[in-house]
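**Q** Only the shape, not the letters, is given here:
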């Protein structure tokens, strides 16, 4: 039988994964003054479709295979004269390393881009692709269970929590002090990364939702 997690009032809510926890670190990049032939070599050698363009350590744009193709007519036989700064797409889509994954998902959906470049104090530290984002939600069942039981349920009242997890589906067991706590507990569990469904089988000590008849 699994040990239960006892969660008291004031316990912090379940922590969501951050961008830094799933991003790809030290992504390939090119300086702003790099000639296009050097950019093409980076793309081909590393088998990536786009790279951030840096001014020092700060990303100022992104240069993709599509940008290189579009640069052909502009070059008119003198492609060596063009630099990454002249051909890149700007501004670049960035996100802070400490942002939650849900914020990254919204940003990707809103911008329609395939990747976000991750910054910390303006400095490039990683890249977050759609695939990275998906990986953040594909978590081991035991890991999900441990987070649900450990970080628990900030309901304002003491609760006893056990969770059984199969393929991301959580069977929530245990007991809350008040019946009115149960919807809030379920909302917190649904917010745990990796949870795909919740079956709430928790009981309660006191039914505080019973309407009292007037005397």
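**A** Now that the structure is in, tell me what you want to look at. Keep in mind the model is a prediction, meaning the values are calculated, not measured.
**Q** separation between the most centrally placed residue in the chain and residue 171?
**A** For the chain, residue 101 is the residue whose C-alpha lies nearest the centre (C-alpha atoms, centre = their mean; 1.9 Å). Distance, residue 101 to residue 171, using C-beta to C-beta, to the nearest Å: 24 Å. (C-beta placed from N, C-alpha, C; glycine too.)
**Q** looking at it, the residue nearest to the centre of the chain is touching residue 20, isn't it?
**A** No. Counting by C-beta atoms under 8 Å, residue 101 stays clear of residue 20, with 10.2 Å between them.
**Q** Please report the distance of residue 72 from residue 42.
**A** 18 Å.
**Q** Which one's more surrounded, those two?
**A** For residue 72 versus residue 42, neighbours defined as other C-beta atoms under 10 Å are more numerous around residue 42 (16 against 11).
**Q** and the gap between the more buried one and residue 161?
**A** The separation that residue 42 has from residue 161, given C-beta to C-beta, amounts to 50 Å.
**Q** Please identify the buried residues of the lengthiest strand in the chain?
**A** In terms of residue count, the longest strand belonging to the chain (DSSP state E) is strand 169-178. Using 16 or more other C-beta atoms under 10 Å as the test for burial, strand 169-178 gives 170, 172-174, 176-178.
**Q** which secondary structure elements does the strand or helix carrying residue 135 contact?
**A** Here residue 135 sits within helix 130-137, counting by DSSP states H and E. Helix 130-137 sits against helix 19-22, helix 101-111, with contacts defined as 3 or more C-beta pairs under 8 Å, 6 or more residues apart in numbering; DSSP states H and E.
**Q** which one of the ones you listed lies closest to residue 139?
**A** helix 19-22 (10.4 Å; C-beta to C-beta).
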